[in-house]
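Colleague: just coords:
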């Protein structure tokens, strides 16, 4: 049985690389994974955290787990302000400023 010797993020190739005792290697293209499984910046951020801080957990998640389910479970997206509400508030603010300037 081959044994894992090292697991690290290679910035030059943008891959998490796993090296085994039998000389084999697995390189996980992190950009391709993010493009495939991450729907928003919060999910990308979670993947980036794992890549830099716990590449073994990242590799295990990608190779053996369900990254889409994991990301949905650990990330939450809440829009604090609706764009249309913000646009309306800015319009009212500009109107008040214009009135004051006259």
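Modeller: Alright, I've got the coordinates. Quick caveat, the model's predicted, so the values are computed rather than measured.

Colleague: Any stretches of this protein with poor pLDDT?
Modeller: For the chain, applying pLDDT under 70 flags the ranges 1, 77-102.

Colleague: now the strands for it?
Modeller: 4-10, 15-20, 25-29 (DSSP state E).

Colleague: Pick the most deeply packed of those strands.
Modeller: Most buried of those, by mean neighbour count (mean count of other C-beta atoms under 10 Å): strand 15-20, with a mean of 18. Any C-beta I mention is one placed from the backbone N, CA and C, and that applies to glycine too.

Colleague: so what strands line up beside that one?
Modeller: Note on strand 15-20: by DSSP bridges, its sheet partners are strand 4-10 (antiparallel), strand 25-29 (antiparallel).

Colleague: got these as TSV, with distance to residue 50 columns?
Modeller: As requested, those are exported to TSV (distance: least, C-beta to C-beta, whole Å):
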stretch	distance to residue 50
strand 4-10	10
strand 25-29	11
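
Colleague: Isn't residue 7 up against residue 56?
Modeller: Yes. The criterion here is C-beta atoms under 8 Å, and residue 7 meets it with residue 56 at 4.7 Å.

Colleague: Enumerate every residue touching residue 38.
Modeller: Counting by C-beta atoms under 8 Å, 6 or more residues apart in numbering, residue 38 touches 44, 47, 71.

Colleague: Among the residues you listed, which one is most surrounded by other residues?
Modeller: Neighbour counts for the contacts of residue 38 peak at residue 47, which has 21 neighbours (criterion: other C-beta atoms under 10 Å).

Colleague: so who does it touch?
Modeller: With the criterion set at C-beta under 8 Å, 6+ apart, residue 47 makes contact with 30, 33, 34, 37, 38, 58, 67, 71.
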